[in-house]
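Peer 1: sequence unknown, structure follows:
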């Protein structure tokens, strides 16, 4: 496998369910990101992990909980979601060296529907 | 981060050059111009980036004005598969990639 892989591609969950989105990158990058893209809206940066440490949390509700166990894997744990959380969730990775942060490679996304 | 302004939509005839403009009048000296595109419901795809010199790769050319306040992405021979939303992003060195609304390019036969 190459690039950035996200699973599942599609997910339907009830508001009381708990689920997790998975992202795996095979590029040797050391930074990973979660983005949310709601219908007809720009991508919103949710979380940033660099060298496995969370460096940014853009005021995301606590019902979204990220986890980065190593530099190749990133999870987004979901619980008690609302219908307005339905969106395309995109994972990306990049290589960070000192002050340089190179271009991002994105996965194909998980289309989440909350019912 | 500097803000970018792009037209919401553009059309282009198949086989012709597509020229997508971007204004970034508040860009500062350490900020790069990146272009990505997103084909319907897929993840964004990197196209090209530059600081102040014009850049060319196998996908496109990037023309940055001398004052760096605007840039143009050129797809030299647009095909139907180039129909997508194109994002111009101004990003400080080491900063995060933050997306705006982009330009929806429709390539027509």
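Peer 2: Yes, it's here. Since the model is a prediction, treat every value here as computed from it, not as a measurement.
Peer 1: Would you list the phi and psi of residue A:84?
Peer 2: Backbone torsions for residue A:84, taken as degrees, to the nearest 10, come to phi -70, psi -10.
Peer 1: Okay, it and chain B: tell me how far apart.
Peer 2: 19 Å (C-beta to the nearest C-beta, to the nearest Å). Every C-beta, even on glycine, is put in place using the N, C-alpha and C of the backbone.
Peer 1: Any idea how many residues pack against residue B:56?
Peer 2: 13 (other C-beta atoms under 10 Å in any protein chain shown).
Peer 1: can you pull the contacts of it?
Peer 2: By C-beta atoms under 8 Å, 6 or more residues apart in numbering or on different chains, the contact set of residue B:56 is B:48, B:62.
Peer 1: Bridged to it, which residues?
Peer 2: residue B:61 (DSSP bridges).
Peer 1: low-scoring stretches of chain B, by residue?
Peer 2: B:1-2 (pLDDT under 70).
Peer 1: what's the closest non-adjacent residue to the residue in it that chain A sits nearest to?
Peer 2: Chain A sits closest to residue B:43 of chain B, with a gap of 3.2 Å, by C-beta to the nearest C-beta. Nearest non-adjacent residue to residue B:43, counting by C-beta to C-beta, 6 or more residues apart in numbering or on different chains: residue A:106, 3.2 Å away.
Peer 1: now the host helix or strand of residue A:113, how far from the centre of its chain.
Peer 2: Per DSSP states H and E: residue A:113 is located in strand A:110-114. With C-alpha atoms, centre = their mean, to the nearest Å as the basis, strand A:110-114 stands 12 Å off its chain's centre.
Peer 1: likewise stretch B:22-32?
Peer 2: With C-alpha atoms, centre = their mean, you get 13 Å for stretch B:22-32.
Peer 1: which outside residues touch that stretch?
Peer 2: Contacts for stretch B:22-32 (C-beta under 8 Å, 6+ apart): B:1-6, B:33, B:35, B:49-51, B:68-73, B:88, B:90-93, B:95.
Peer 1: Also near chain A: which of those residues, exactly?
Peer 2: B:49, B:93, B:95 (C-beta under 8 Å from any C-beta of the partner chain).
Peer 1: Among these, which are located in helices?
Peer 2: Among those, no member falls in helices (DSSP state H).
Peer 1: Tell me who's in contact with residue 33.
Peer 2: The chain I'm using is chain A. With contact taken as C-beta under 8 Å, 6+ apart, residue A:33 is in contact with A:45-49, A:91-94, A:104, B:96-97.
Peer 1: That was the other one, I meant chain B.
Peer 2: B:22, B:24, B:27, B:49-51, B:62, B:64, B:68, B:71, B:88-90.
Peer 1: and residue 42, what element?
Peer 2: Let's take chain A. Residue A:42 belongs to no helix or strand, assigned by DSSP H and E.
Peer 1: that answer is for a different chain, and I need it for chain B
Peer 2: Going by DSSP H and E, residue B:42 is not in any helix or strand.
Peer 1: does it really touch residue A:108, like I thought?
Peer 2: Yes: the pair residue B:42 / residue A:108 is scored as a contact, 5.6 Å apart, by C-beta atoms under 8 Å.
Peer 1: Cool, thanks, signing off.
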